[in-house]
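**Student:** Below are the sequence and a predicted model; questions follow.
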Amino acid sequence: ITGSCYRTEWMLPWFIRNFKQWNESSITFFDFGIRNKDYLRMFDNVIKLNKTDSNTTWFMKPKAMLESPGDKTVWIDVDCEVIGPIDSIFDYIVPDKLLMAEDKPWTTRSGRQWYNSGVVGFEGKPKILKDWEYKCRVDPVTGDQETLHIMIGDNPIDNLRYIEEMPRKYNVLRIDHLDGTVPANPLVHHWTGYKGKYEIKRQMTEFVS
């Protein structure tokens, strides 16, 4: 599953082209308020979720996850460049936990354990997902990833009660390329931040030309 509002819908053709090049899995799209409704035809299923205000789109990510029609689900942000087959990610999902990759750059810089919410797997409706959705709805902090981090804390042992670690090849962050921490055989490049969006625009321009 994935989702977008009008601010990020420009990436959808790039996202779906990359995904479909390598994968046959169906994608459910959560419409957080896109303007170009033609984009909806690119997805296998569409679910409309209304935002509570104009600034909370990504705090709705856990709510979209809870609305997933699948038994096993993987959320993937639209700024993720899929460069290979990723169906094997479902093999790592376990009950009652969120499957997430360590955010190596943030862990290194902060000295605390961080997980990145750009790619998240889960089975059913685990309690940690319900708690995350509630926290994002009533007491959000900075972003959905930061809100989850505050919830689960910094202790790596405690974190394992809530998080199943995903192999990092499924969520390689932009700063991993700067830090030299890109894992072997990456399958997803996650172009975070405004610098990452420049890279996506560059790729889209190169494709058109």
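**Tutor:** Structure received. Numbers count the residues shown, from 1 in each chain.
**Student:** can we go C-alpha only for contacts and neighbour counts from here?
**Tutor:** OK.
**Student:** Tell me the helix or strand right after the host helix or strand of residue 175.
**Tutor:** Using DSSP states H and E, residue 175 falls within helix 174-179. Scanning forward in sequence from helix 174-179 by DSSP H and E, the next helix or strand is strand 188-190.
**Student:** That next one pairs with which strands?
**Tutor:** strand 80-82 (antiparallel), strand 172-173 (parallel) (DSSP bridges).
**Student:** List the pairing partners of the longest strand anywhere in the chain within its sheet, with orientation.
**Tutor:** In the chain, with assignment by DSSP state E, the single longest strand is strand 115-123. Strand pairing for strand 115-123, using DSSP bridges, gives strand 72-76 (antiparallel), strand 98-102 (antiparallel).
**Student:** Report the contact partners of the residue nearest the centre of the chain.
**Tutor:** Taking CA atoms, centre = their mean as the criterion, residue 118 is the residue nearest the geometric centre of the chain, at 2.5 Å. Contact analysis of residue 118 by CA atoms under 8 Å, 6 or more residues apart in numbering lists 75, 76, 77, 80, 171, 190.
**Student:** Which one of those is nearest to residue 21?
**Tutor:** Taking CA to CA as the measure, residue 21 lies nearest residue 80 of these, at 13.8 Å.
**Student:** Excluding residues flanking it in the chain, which one is nearest the closest one?
**Tutor:** residue 190 (4.3 Å; CA to CA, 6 or more residues apart in numbering).
**Student:** What helices and strands are in contact with the lengthiest helix in the chain?
**Tutor:** When the chain is parsed with DSSP state H, its longest helix is helix 193-208. Here helix 193-208 touches no other helix or strand, going by 3 or more CA pairs under 8 Å, 6 or more residues apart in numbering; DSSP states H and E.
**Student:** where's stretch 167-177 relative to the chain centroid, distance-wise?
**Tutor:** Averaging C-alpha positions (CA atoms, centre = their mean, to the nearest Å) puts stretch 167-177 12 Å from its chain's average.
**Student:** For it, report the contacting residues that lie outside it.
**Tutor:** By CA under 8 Å, 6+ apart, the list of residues contacting stretch 167-177 from outside reads 80, 86, 89, 101-105, 118-119, 182-192, 196.
**Student:** Try it again at 7 Å.
**Tutor:** 101-102, 105, 119, 182-192, 196 (CA atoms under 7 Å, 6 or more residues apart in numbering).
**Student:** Buried residues in stretch 130-143, which are they?
**Tutor:** Neighbour counts using 16 or more other CA atoms under 10 Å place 132, 133, 134, 135, 136, 137, 140 of stretch 130-143 among the buried residues.
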